[in-house]
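Q: Below: sequence and its predicted model.
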Amino acid sequence: MVRELFLMRHGVAADASAPGVEADAVRPLTAEGVSRTAAAARGLRSLGVRVDAIWSSPYVRTRQTAAVVAEELGVASVHVVDALASAATPPSVRIALLPPTEGSALLWVGHEPDLSDLLAELTAGGALRVAFKKAAVAHVLLHESPRRVLGELIAFYPPRALRALG
């Protein structure tokens, strides 16, 4: 079975010391974060990226990022998945969350270093290290067998490149 997975880091968020920010989980995107995320999402659209579903960490900044991307890509809804919260779950468990729908394309919005860890686990058994800047996207082709999910890194889109396309 072969499927596509897009991994995206949330956009630029308010500092933890910003007024009204009581905890890391409630840090919202800044106005710049919304604008840059929308431009990155338009870049994805210009590349012809289509996804069937968007899953997001429950953190405010990831849900906002997911909502911006959903609007730009025409995805009807965003599913909040607790296991995508920052440092909530090891990569192997996150891989096990993948729904068994052949041909589907998913976009997961999450955090660092979780996304780097997940990409490493999928593509190189932990050996490949790629740092996700805010609103960066990795495109992974998943090859599934009864024993393991293996990923092939198709592309890595730095946010600046996506914004240039959008």
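A: Nice, thanks for sending it over.
Q: Which elements pack onto the worst-scoring helix or strand of the chain on mean pLDDT?
A: Sorting the helices and strands of the chain by mean pLDDT, DSSP states H and E puts helix 91-96 at the bottom, at a mean of 77. Judged by 3 or more C-beta pairs under 8 Å, 6 or more residues apart in numbering; DSSP states H and E, helix 91-96 is in contact with helix 114-124. Heads up, the C-betas are built off the backbone N, CA and C, glycines and all.
Q: State the mean pLDDT of the helix it packs on.
A: Averaged across helix 114-124, the pLDDT comes to 89.
Q: Can I get that helix in CSV, CA atoms only?
A: Output in CSV follows, covering the C-alpha atoms of helix 114-124 (Å, rounded to 0.1, in the frame of the first residue of the first chain):
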residue,chain,number,x,y,z
ASP,A,114,8.7,16.0,16.9
LEU,A,115,8.5,16.4,13.1
SER,A,116,12.2,15.9,12.6
ASP,A,117,12.1,12.8,14.8
LEU,A,118,9.1,11.4,12.9
LEU,A,119,10.7,12.1,9.5
ALA,A,120,13.9,10.5,10.6
GLU,A,121,12.0,7.4,11.9
LEU,A,122,10.1,7.1,8.6
THR,A,123,12.9,7.6,6.2
ALA,A,124,16.1,6.5,7.7
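Q: which residues touch that helix?
A: Identification of contacts with helix 114-124 by C-beta atoms under 8 Å, 6 or more residues apart in numbering yields 5, 7-9, 84, 86-87, 90-92, 94-95, 108, 110, 126-132, 138, 140, 142, 149-153.
Q: Just the buried ones out of these, please.
A: Buried members of those, counted by 16 or more other C-beta atoms under 10 Å: 5, 7-9, 84, 86, 91, 94-95, 108, 110, 132, 138, 140, 142, 149-151.
Q: can you list contacts of the least confident helix or strand of the chain?
A: Residues outside helix 91-96 that contact it (C-beta under 8 Å, 6+ apart): 83-84, 114, 117-118, 120-122, 149.
Q: Buried subset of those residues, written for ChimeraX?
A: Buried subset of those, written as a ChimeraX selection, criterion 16+ other C-beta under 10 Å:
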select :84,114,117,118,120,121,122,149
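Q: Which member of the contacts of helix 91-96 is positioned nearest Pro58?
A: Using C-beta to C-beta, Leu84 comes nearest to Pro58 of the contacts of helix 91-96, at 7.6 Å.
Q: wait, isn't that closest one in contact with Thr65?
A: No: under the criterion of C-beta atoms under 8 Å, Leu84 makes no contact with Thr65, lying 11.7 Å away.
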